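**Q** model the following, please.
(one chain, ligands or ions: 2)
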Amino acid sequence: MGLVLGTAVPQPTALAYLTPQNIAVAIIAFLLEYIIKWRFFGPLRHIPGPWWSHYTQIPDGYHLMRGERALYIHSLHERYGPTIRVGPTLVGVSGTAGVKMVYGTALKKPFTRNPQITAMFNFQRKPEADNIASFHLPGDALKRRRAYGNIFSRGNILAMQDVFKKCFENYFAKLETLRTASPNGIVPMVRCFRALALDAITEVSFGGFYKGASDPDHQMKLLDNLMSANLVQLHLGNAIYSLLKSIPWKRLDWVRSMEDFCRITSDSTALYLSNRAANPSQARKDSLSQLLSYGLPRAAVEGEALANVFAGTDTTGNSTAFIVCEVLKKPNVHRRVVEEVFNAFPEGVYRMGEVMEFRKVEEECRLLKWCIKEGMRRHSLAPGPALRVVPDDGVVVDGMFIPGKVDIFAQSHTSTHDPVAFPQPEEFIPDRWENETSEMRTLWTVFGSGPRICIGENLAMMEMQMMLALLFRNYELVQVPGTDMRITEFWLRSMKAGELHLKLVPRSV
Ligand SMILES: *[C@@H]1O[C@H](CO)[C@@H](O)[C@H](O)[C@H]1NC(C)=O
Ligand SMILES: *[C@@H]1O[C@H](CO)[C@@H](O)[C@H](O)[C@H]1NC(C)=O
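**A** Numbering: from 1, shown residues only. Ligands and ions are numbered 1, 2, ... in the order given. All right, here's what the predicted structure looks like:
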């Protein structure tokens with residue numbers, strides 16, 4: 001077909017140059033320039049990675065949205081090696097060298113935390129409320145850790161056993177209440193584990209004066225909402241987060257959950273202080289009193305307490321559920337774990353529901369502890385990238401130069417699935433912890449590593465050991481047919497079904 005040409009005389013305006021041809025040429029020129037710039041001059045052009053990662057991070061974002069980012073990045077490591085490019089300015093490293101570098105135990109000039117992440121952890125969004133998780137510089141985090149980290153030391157956790165005893169009694173009572181209320185003895189386990197974790201962390205952080213703790217289920221909902229709101233802010237940016245917050249629609253109340261959370265913390269701190277003023281003789285060594293005696297401003301004290309409740313509840317609670325799932329899938333391990341707790345707390349000596357002595361659990365239930373380490377290894381709670389920024393001068397990892405200012409990570413899913421340190425990495429083999437090597441120790445980054453390692457590690461380990469010892473000693477655990485035991489990752493891991501339902505049969509009456 002021919003073209004019918006118009007007869008109008010072209011107008012000599014700038015618009016006249018916007019012909020389809022010219023626009024196409026401009027777009028092609030722009031794309032070419034972009035491609036050449038990033039392909040041949042991009043700071044990470046020499047690092048192996050999929051072809052698209054020279055230009056964009058969209059495929060990575062796609063896997064993030066599908067809740068499978070850590071597994072996807074792990075597959076990139078398997079394909080491209082220990083150091084990979086995941087986006088034009090995003091690099092992933094692995095292995096002991098990578099872990100030591102990124103977590104800052106191998107460098108004089110430390111890596112700072114990605115600013116978007118630190119902003120997210122400053123819950124009150126005020127500079128004076130910066131906490132151990134939200135400090136930009138590792139040195140500041142370390143200083144704060146020195147101020148009150150001893151509260152979470154092994155010694156203090158042992159010294160606080162009387163306080164925790166009450167928490168484990170509440171935990172056992174909750175298991176029993178839910179079990180007897182259900183016609184067939186089926187109990188939502190995640191709910192019980194999280195309630196215990198909340199109970200224990202608020203004892204440490206607020207001396208038990210935590211207002212949210214009176215209704216743990218409501219408090220959990222609040223924490224879930226907070227998590228979602230944080231993810232919106234992290235992935236969609238401040239502008240969209242603020243916009244959503246300002247829409248007065250009830251269905252969007254979850255985006256405003258931060259305000260509720262801050263209010264509860266503030267009220268609880270006030271309650272704690274007034275109680276302490278009224279009963280100075282009852283003062284005990286917990287993190288709030290330690291922070292106050294350190295002379296920190298009230299906002300900072302509350303910032304720390306908020307961060308601890310946020311970081312110390314879901315993590316412990318949900319990890320415990322994954323560990324139970326793995327043990328139940330291995331009948332042989334399950335049988336040995338039960339035998340072990342029975343040997344430590346035998347029939348005739350142990351009374352049903354009695355809270356055990358932690359020292360004894362620790363010393364005599366070694367397989368239980370290995371199951372915890374192995375379960376966390378298989379399902380580290382935050383398996384994906386925790387971004388750091390490379391110092392200005394750049395660094396060399398495993399012989400490869402990584403330029404300054406790019407984002408870097410050593411994701412824990414890859415560290416904990418290193419096939420040399422952990423042969424058959426996909427298998428749950430608790431006995432591998434019998435002979436723990438230094439590589440295993442370095443690569444087990446489920447609590448992070450280096451100066452920013454989770455402050456609550458000792459507390460979390462104690463809680464998990466105690467919760468599980470009580471559970472395995474007092475109940476026969478029966479899987480409910482059709483229960484979905486799959487685990488998903490959405491930045492943090494959780495049960496795909498949202499809960500783990502188990503039938504609990506008391507071992508004695
Ligand atoms: C750990 O090492 C001891 C002593 O070498 C050995 O007997 C045991 O089988 C090892 N355990 C595992 C799980 O490899
Ligand atoms: C923990 O598990 C609960 C229930 O499965 C879930 O709603 C929550 O989002 C999980 N928390 C994290 C941090 O993944």
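**Q** the helix or strand of the chain with the lowest mean pLDDT pairs with which strands?
**A** Lowest by mean pLDDT, DSSP states H and E among the helices and strands of the chain is strand 487-490, with a mean of 77. According to DSSP bridges, strand 487-490 has the following sheet partners: strand 492-495 (antiparallel).
**Q** mind saving the C-alpha coords of the strand or helix carrying residue 119 as PDB?
**A** Assigning secondary structure by DSSP states H and E places residue 119 in helix 115-121. Output of helix 115-121 as PDB, limited to C-alpha atoms (Å, rounded to 0.1, in the frame of the first residue of the first chain):
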ATOM      1  CA  PRO A 115      21.200   3.900  55.200                       C
ATOM      2  CA  GLN A 116      17.700   2.800  54.200                       C
ATOM      3  CA  ILE A 117      17.900  -0.100  56.600                       C
ATOM      4  CA  THR A 118      19.300   2.000  59.500                       C
ATOM      5  CA  ALA A 119      16.400   4.500  58.900                       C
ATOM      6  CA  MET A 120      13.900   1.600  59.200                       C
ATOM      7  CA  PHE A 121      15.300   0.500  62.500                       C
END
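**Q** enumerate the residues of this structure near ligand 2.
**A** By the rule Cβ under 6 Å from any ligand atom, the part of the chain lying against ligand 2 is 190, 224, 227, 314, 318, 492, 493, 494, 495, 498, 499. Where you see a C-beta, it was placed from the backbone N, CA and C, and this is true even at glycine.
**Q** in what helix or strand does the first one lie?
**A** By that I understand residue 190. helix 189-206.
**Q** which residues of the stretch 301-450 of the chain lie near ligand 1?
**A** Residues of the stretch 301-450 of the chain found near ligand 1 (Cβ under 6 Å from any ligand atom) are 431, 432, 434, 435.
**Q** got a winner among those residues for most neighbours?
**A** Greatest neighbour count in these, by other Cβ atoms under 10 Å, goes to residue 432: 19 neighbours.
**Q** would you confirm that it contacts residue 422?
**A** Yes - contact status for residue 432 versus residue 422: in contact at 6.7 Å, counting by Cβ atoms under 8 Å.
**Q** ok, now how distant is residue 190 from residue 222?
**A** Separation of residue 190 from residue 222 (Cβ to Cβ, to the nearest Å) stands at 16 Å.
**Q** those two: which has the busier surroundings?
**A** Higher neighbour count among residue 190 and residue 222: residue 190, with 22 against 18, using other Cβ under 10 Å.
**Q** quick check: next helix or strand after the longest helix belonging to the chain?
**A** When the chain is parsed with DSSP state H, its longest helix is helix 298-329. Using DSSP H and E, the helix or strand that follows helix 298-329 in sequence is helix 331-344.
**Q** and that next one, what does it pack against?
**A** If you count contacts as 3 or more Cβ pairs under 8 Å, 6 or more residues apart in numbering; DSSP states H and E, helix 331-344 packs onto helix 298-329, helix 358-364, helix 366-378, helix 457-474.
**Q** can we see that at 10 Å?
**A** Judged by 3 or more Cβ pairs under 10 Å, 6 or more residues apart in numbering; DSSP states H and E, helix 331-344 is in contact with helix 298-329, helix 358-364, helix 366-378, helix 457-474, strand 475-479.
**Q** tilt between it and strand 475-479?
**A** Counting by axes from the mean of the first three to the mean of the last three Cα atoms, to 10 degrees, helix 331-344 lies at 170 degrees to strand 475-479.
**Q** JSON lines for the helices and strands packed on helix 331-344, including mean pLDDT, mean neighbour count and distance to residue 202?
**A** Below are those laid out as JSON lines (pLDDT from 0 to 100; neighbours: other Cβ atoms under 10 Å; distance: least, Cβ to Cβ, whole Å):
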{"stretch": "helix 298-329", "mean pLDDT": "90", "mean neighbour count": "23", "distance to residue 202": "6"}
{"stretch": "helix 358-364", "mean pLDDT": "97", "mean neighbour count": "15", "distance to residue 202": "19"}
{"stretch": "helix 366-378", "mean pLDDT": "97", "mean neighbour count": "22", "distance to residue 202": "22"}
{"stretch": "helix 457-474", "mean pLDDT": "97", "mean neighbour count": "23", "distance to residue 202": "12"}
{"stretch": "strand 475-479", "mean pLDDT": "95", "mean neighbour count": "16", "distance to residue 202": "26"}
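**Q** let's verify the residue most central in space within the chain: helix, strand, or coil?
**A** In the chain, the C-alpha nearest the mean C-alpha coordinate belongs to residue 382, at 3.9 Å (Cα atoms, centre = their mean). Under DSSP: H, G, I helix; E, B strand; the rest coil, the three-state class of residue 382 is coil.
**Q** residues contacting it?
**A** Counting by Cβ atoms under 10 Å, 6 or more residues apart in numbering, residue 382 touches 70, 315, 411-413, 445-448, 454, 489, 491-493.
**Q** how about low-confidence regions in the chain?
**A** 1-12, 105-107, 491, 509 (pLDDT under 70).
**Q** pretty sure residue 400 is touching residue 94, no?
**A** No - between residue 400 and residue 94 there is no contact under Cβ atoms under 10 Å: 12.0 Å.
**Q** report the set of residues contacting both of the two.
**A** Common neighbours of residue 400 and residue 94, counting by Cβ under 10 Å, 6+ apart, are 81, 82, 83.
**Q** any idea which element the second one lies in?
**A** Assigning secondary structure by DSSP H and E places residue 82 outside every helix and strand.
**Q** how about residue 420, what does it touch?
**A** With contact taken as Cβ under 10 Å, 6+ apart, residue 420 is in contact with 95, 96, 437, 439, 443.
**Q** now, which of those residues lie within helices?
**A** 95, 96, 439, 443.
**Q** picking that back up, for the residues of the stretch 301-450 of the chain next to ligand 1, give me CSV that also has distance to residue 285 and secondary structure.
**A** Output for those, formatted as CSV (distance: Cβ to Cβ, whole Å; DSSP: H, G, I helix; E, B strand; the rest coil):
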residue, distance to residue 285, secondary structure
431, 37, helix
432, 37, helix
434, 35, helix
435, 36, helix
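**Q** farthest-separated two in the residues you listed?
**A** 431 and 435 (8.9 Å; Cβ to Cβ).
**Q** whichever of the shared contacts of residue 400 and residue 94 end up buried, select them in PyMOL.
**A** This is the PyMOL syntax for the buried subset of the shared contacts of residue 400 and residue 94, where burial follows 16 or more other Cβ atoms under 10 Å:
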select buried, resi 82+83
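**Q** which one of the shared contacts of residue 400 and residue 94 sits closest to residue 506?
**A** Among those, and counting by Cβ to Cβ, the member closest to residue 506 is residue 82, at 49.9 Å.
**Q** output the set of residues of the protein in proximity to ligand 1.
**A** So the chain meets ligand 1 at 431, 432, 434, 435 (Cβ under 6 Å from any ligand atom).
**Q** excluding its backbone neighbours, what's nearest the third one?
**A** If I follow you right, that is residue 434. Closest residue in space to residue 434, ignoring its immediate chain neighbours: residue 370 at 6.9 Å, by Cβ to Cβ, 6 or more residues apart in numbering.
**Q** contacts only, for that neighbour.
**A** 333, 337, 429, 430, 431, 432, 433, 434, 436.
**Q** do the same with residue 477
**A** Residue 477 sits in contact with 187, 189, 324, 327, 328, 334, 338, 471, 502, 503, 504, 505, where contact means Cβ under 10 Å, 6+ apart.
**Q** residue 447: what's it in contact with?
**A** For residue 447, the contacting residues are 315, 376, 380-382, 412, 453-458, 460-461, by Cβ under 10 Å, 6+ apart.
**Q** can you redo those as TSV with distance to residue 182?
**A** Below are these laid out as TSV (distance: Cβ to Cβ, whole Å):
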residue	distance to residue 182
315	27
376	29
380	31
381	28
382	32
412	36
453	39
454	34
455	37
456	32
457	34
458	34
460	28
461	30
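**Q** buried residues in the helix or strand harbouring residue 245?
**A** In the assignment (DSSP H and E), residue 245 maps to helix 238-246. Going by neighbour count (16+ other Cβ under 10 Å), the buried part of helix 238-246 is 241, 244, 245.
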